[in-house]
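Novice: I would like to see how this sequence folds:
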Amino acid sequence: MMRLNKFLSQAGMASRRGADRLIEQGLVTINGKVAKLGEKVSGKEKILIKDQTIKSIEKKEYIMLYKPVGIVSTADDEKGRQKVVDLVKTDNRLYPVGRLDIDSEGLIILTNDGDLALKLTHPKFHMEKEYEVTTDKEIAGRRINTGINKIVRSTKNKMTIVMYEGKKRQIRNMCWEAGLRVRTLKRVRIGSLNLGDLQPGEYRDLTPREVAALKQL
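Specialist: Prediction:
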């Protein structure tokens with residue numbers, strides 16, 4: 001037996017938190033009855049989201065993508081904009097792990113492994129993420145409040161920041177407070193995974209060794 005949110009996550013339908021939201025909205029049924037938060041299932045039940053039957057999937061998929069500027073890092077978008085999942089050819093329903101705002105670019109992971117997605121995004125794990133940033137002015141002499149995050153390199157108007165925790169548009173906001181405007185922002189690393197030679201819009205499958213390394217972090 002497992003919690004329903006974990007089952008839905010492993011089925012590639014949403015993250016665990018996303019699954020909880022679906023359950024709270026009354027969109028999930030088990031054998032014809034509206035599901036409740038915390039409910040457990042064996043996988044043999046008839047589980048539906050709206051009218052779609054959900055079956056557990058055995059094959060997990062892990063993809064790293066270079067998200068270009070102008071693409072949204074979500075699985076769905078109410079405004080009809082192009083999404084990161086639109087750039088990948090797969091038979092599985094994948095979800096982006098973490099987010100990059102539409103004006104940012106770089107490494108993003110797509111997967112149907114809800115357990116790994118939770119580990120990579122939950123604040124308690126403090127997963128390192130590295131960004132390369134260029135600004136409109138020289139950085140020298142500026143007091144940039146990074147919190148527990150760290151600037152590891154800086155020259156003129158370029159810097160590399162390692163983030164241990166991050167909020168929406170945090171790098172842009174911390175630069176703004178220091179009198180700087182971000183011109184480009186690129187994520188080049190998540191944990192042990194580096195962007196490498198990928199170009200905007202390109203993607204590849206993670207190797208078993210890369211997946212194992214992420215799970216061990």
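
Novice: can we go C-alpha only for contacts and neighbour counts from here?
Specialist: Fine.

Novice: outside of the lowest-mean-pLDDT helix or strand in the chain, which residues touch it?
Specialist: The weakest-scoring helix or strand in the chain, judged by mean pLDDT, DSSP states H and E, is helix 114-121 (a mean of 82). Contacting residues not belonging to helix 114-121 are listed as 6, 9-10, 12, 14-16, 97-98, 111, 125, 127, 214-215 [Cα atoms under 8 Å, 6 or more residues apart in numbering].

Novice: the helix or strand immediately after it in the chain - contacts with which helices or strands?
Specialist: The helix or strand immediately downstream of helix 114-121 is strand 129-135, counting by DSSP states H and E. Using 3 or more Cα pairs under 8 Å, 6 or more residues apart in numbering; DSSP states H and E, the elements in contact with strand 129-135 are strand 158-163, strand 182-190.

Novice: now with 10 Å?
Specialist: Applying 3 or more Cα pairs under 10 Å, 6 or more residues apart in numbering; DSSP states H and E, one finds that strand 129-135 contacts strand 105-111, strand 150-155, strand 158-163, helix 170-177, strand 182-190, strand 193-194.

Novice: what average pLDDT does it get?
Specialist: For strand 129-135, the mean pLDDT works out to 96.

Novice: got the CA coordinates for it in PDB?
Specialist: This file holds the C-alpha atoms of strand 129-135, laid out as PDB (Å, rounded to 0.1, in the frame of the first residue of the first chain):
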ATOM      1  CA  LYS A 129      22.100  25.000  -8.100                       C
ATOM      2  CA  GLU A 130      24.700  27.100  -9.900                       C
ATOM      3  CA  TYR A 131      23.900  30.100 -12.100                       C
ATOM      4  CA  GLU A 132      25.900  32.300 -14.400                       C
ATOM      5  CA  VAL A 133      24.700  35.900 -14.300                       C
ATOM      6  CA  THR A 134      25.600  39.100 -16.300                       C
ATOM      7  CA  THR A 135      24.500  42.500 -15.200                       C
END
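
Novice: can you list the domains in this protein?
Specialist: Listed domain ranges for the chain are 2-53, 62-124+192-216, 128-190 (source: automatic domain parsing).

Novice: now the ones you listed as JSON lines including mean neighbour count?
Specialist: Shown next, in JSON lines, are these (neighbours: other Cα atoms under 10 Å):
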{"stretch": "domain 2-53", "mean neighbour count": "18"}
{"stretch": "domain 62-124+192-216", "mean neighbour count": "17"}
{"stretch": "domain 128-190", "mean neighbour count": "16"}
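
Novice: low-scoring stretches of the protein, by residue?
Specialist: Applying pLDDT under 70 to the chain picks out residues 56-58, 123, 125, 217.

Novice: can you pull the contacts of the residue sitting furthest away from the middle of it?
Specialist: The C-alpha centroid of the chain is most remote from residue 141, which lies 33.3 Å away (Cα atoms, centre = their mean). Counting by Cα atoms under 10 Å, 6 or more residues apart in numbering, residue 141 makes contact with residue 178.
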